[in-house]
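A.B. asks: give me the fold of what follows.
(one chain, ligands or ions: 2)
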Amino acid sequence: MLFRVIDKPELRSLFDMLAEKNTVVGPVETGKDRNGRPLYAFEEVKDFKILRLDYTTTKLPAKRYFLPFREELATFRMKDDDWTKTIDYNIDKPLVFFGLHACDINALNKLDKVLMGPVYPMPYYAAKRMNMFIIGTGCEPQPFCFCRSMGADTVHHGFDLNITDIGDKYFIEIQSAEAFEMVKDLRTADLSEDDHVQYMKTIAEKNRKFTARVDTTDLTKILDMEFQSPVWKQWGDKCLGCGTCANVCPTCYCYGVEESVDPSLQKAVKTKTLYSCNVVDFAEVAGGHNFRPERSSRLKYRYYHKHRGFVEAYEESLCVGCGRCGEACLAGITVPEVIASVRGEEQ
Ligand code: SF4
Ligand code: SF4
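C.D. replies: Ligands and ions are numbered 1, 2, ... in the order given. Okay, the predicted model is just below:
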């Protein structure tokens, strides 16, 4: 990793260089909530002026760009007595993410383990992922962020460039060869002693702002021991089974595949749709049997996948602690509260 500093106005030159040949996606303000606070979303950005690198968090993660809610996997056509299958990985141009927080880059790193791993690689995801350039940026911890507990408040790989606001300059970390080539065309400087101090002060200040936390000590063991705990029924009774938590989660990737045949019998399409394990028919199989008809069992399995099964497979949790699911849940179900209750802690 190489470190440089860059004057703030120079960041615009980097944006312009990248926007020339790529689709740039970044945080923009899309409106205000009922308390007058700005709402942010990841959108395609054509003008540097509308980028909001000082954004707090987005309601939805950036996943629709690499793991869209609905995606056509293949189309089939009959011609005479023969048929053809067409596969499109659905990428027009390389994608540049300009301003992802550490939690969202860590989420991508976790998705890579599954969707680009050796067991069930997903070429539709891999094609998009290998055509990405990622610029990370520092963040301002929100009251619901517990990424620090999940080890996702900093990121060590999975990005090309990382920028941190240190006052009148940006501190930049250069990770990839592509980023190195690009930075050569910008006016950057070596770090001064003062830049080092300023960077460390910025990080220390950020760390002081974390308030939410999850105690992950021995969590997989505790989950094993508490599989029959009545707390699952209590949370399940609150849960609406709406699936919003999976929709807003940067690491939820479960999906269903559907094939629909045109009534002419001359064409068909195979579509993938993201799914939520909290939705009533998630575990329903052919013949109509439902392995998890109760909300409590579905909610429990969502937690066991994130904090138990994934840890067993990859030595890390499938939750980055972004807090989006708790913020979006109409029943007020949050990860820190659920885990605390399983541990028998007072709410
Ligand atoms: S936990 Fe909340 S967001 Fe998730 S399915 Fe239940 S009610 Fe919906
Ligand atoms: S489970 Fe909730 S807190 Fe964890 S990564 Fe998903 S949305 Fe974020």
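A.B. asks: now do the contacts for the residue positioned nearest the centre of the chain.
C.D. replies: Nearest residue to the geometric centre of the chain (CA atoms, centre = their mean): residue 250, 2.6 Å. Residue 250 sits next to 61, 62, 63, 103, 104, 107, 108, 320, 322, 324 when contact means CB atoms under 8 Å, 6 or more residues apart in numbering. For every residue, glycine as well, the C-beta is placed using N, CA and C.
A.B. asks: okay if I get those as TSV plus pLDDT, distance to ligand 2 and neighbour count?
C.D. replies: Output for those, formatted as TSV (pLDDT from 0 to 100; distance: CB to the nearest ligand atom, whole Å; neighbours: other CB atoms under 10 Å):
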residue	pLDDT	distance to ligand 2	neighbour count
61	97	8	25
62	97	13	25
63	95	10	23
103	98	7	27
104	98	9	28
107	98	6	28
108	98	12	25
320	98	4	31
322	98	4	29
324	98	4	24
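A.B. asks: from the residues you listed, which land in helices?
C.D. replies: 103, 104, 107, 108, 324 (DSSP state H).
A.B. asks: residues from this structure in reach of ligand 1?
C.D. replies: With the criterion set to CB under 6 Å from any ligand atom, the chain comes near ligand 1 through 239-245, 278, 299, 329-331, 333.
A.B. asks: quick revisit: now the two most distant members of the contacts of residue 250.
C.D. replies: The distance between the two most remote of the contacts of residue 250 (CB to CB) is 14.9 Å, for 108 and 324.
A.B. asks: strands of the stretch 201-347 of the chain, residue ranges please.
C.D. replies: 255-261, 267-274 (DSSP state E, counting those that start in this stretch).
A.B. asks: tell me the most buried of the ones you listed?
C.D. replies: Most buried of those, by mean neighbour count (mean count of other CB atoms under 10 Å): strand 267-274, with a mean of 16.
A.B. asks: now the helices: where do they sit in this structure?
C.D. replies: Under DSSP H, the chain gives helices at 10-21, 102-115, 123-129, 177-183, 193-208, 219-225, 231-238, 244-248, 295-304, 310-314, 324-328, 335-342.
A.B. asks: mind listing what's buried in the longest one?
C.D. replies: The reference is to helix 193-208. Neighbour-count burial for helix 193-208 flags 195, 198, 199, 202, 203, 206 (criterion: 16 or more other CB atoms under 10 Å).
A.B. asks: flag every residue of this protein that's near ligand 2.
C.D. replies: For the chain, the contact set with ligand 2 under CB under 6 Å from any ligand atom comprises 248-251, 306, 319-325, 335.
A.B. asks: what comes up buried for stretch 291-298?
C.D. replies: For stretch 291-298, by 16+ other CB under 10 Å, it's 292, 294, 295, 296, 297, 298.
A.B. asks: which residues touch residue 307?
C.D. replies: 216, 219, 220, 223, 317, 318, 319, 339.
A.B. asks: you'd agree the last one is up against residue 214?
C.D. replies: Yes. Applying CB atoms under 8 Å as the test, residue 339 and residue 214 come out as touching, 5.0 Å apart.
A.B. asks: ok, residue 161 to ligand 1 distance?
C.D. replies: Distance from residue 161 to ligand 1, counting by CB to the nearest ligand atom, to the nearest Å: 34 Å.
A.B. asks: is that residue bridged to anything, and to what?
C.D. replies: Beta-bridge partners of residue 161, counted by DSSP bridges, are residue 135, residue 174.
A.B. asks: how close does it get to residue 189?
C.D. replies: As for residue 161, its distance to residue 189 is 16 Å (criterion: CB to CB, to the nearest Å).
A.B. asks: residue in the stretch 151-300 of the chain nearest to ligand 2?
C.D. replies: Nearest to ligand 2, among the residues of the stretch 151-300 of the chain, is residue 249, at 3.3 Å (CB to the nearest ligand atom).
A.B. asks: list the residues that contact the spatially closest residue to that residue that is not a sequence neighbour.
C.D. replies: Spatial nearest neighbour of residue 249, chain neighbours left out: residue 325 (5.6 Å); criterion: CB to CB, 6 or more residues apart in numbering. Counting by CB under 8 Å, 6+ apart, residue 325 touches 244, 245, 246, 248, 249, 333, 334, 335.
A.B. asks: please redo it, this time with the cut-off set to 6 Å
C.D. replies: 245, 248, 249 (CB atoms under 6 Å, 6 or more residues apart in numbering).
A.B. asks: same deal with residue 180?
C.D. replies: Residue 180 neighbours (CB under 6 Å, 6+ apart): residue 174.
A.B. asks: start the count at 282, not 1, going forward
C.D. replies: In the new count, where the first residue is 282, that last one comes out as residue 461.
A.B. asks: do you know the pLDDT at it?
C.D. replies: Looking at residue 461, its pLDDT is 95.
A.B. asks: touching, residue 417 and residue 440? I think so.
C.D. replies: Yes. Residue 417 is in contact with residue 440 according to CB atoms under 6 Å; the separation is 4.4 Å.
A.B. asks: which residues do these two both contact?
C.D. replies: residue 386.
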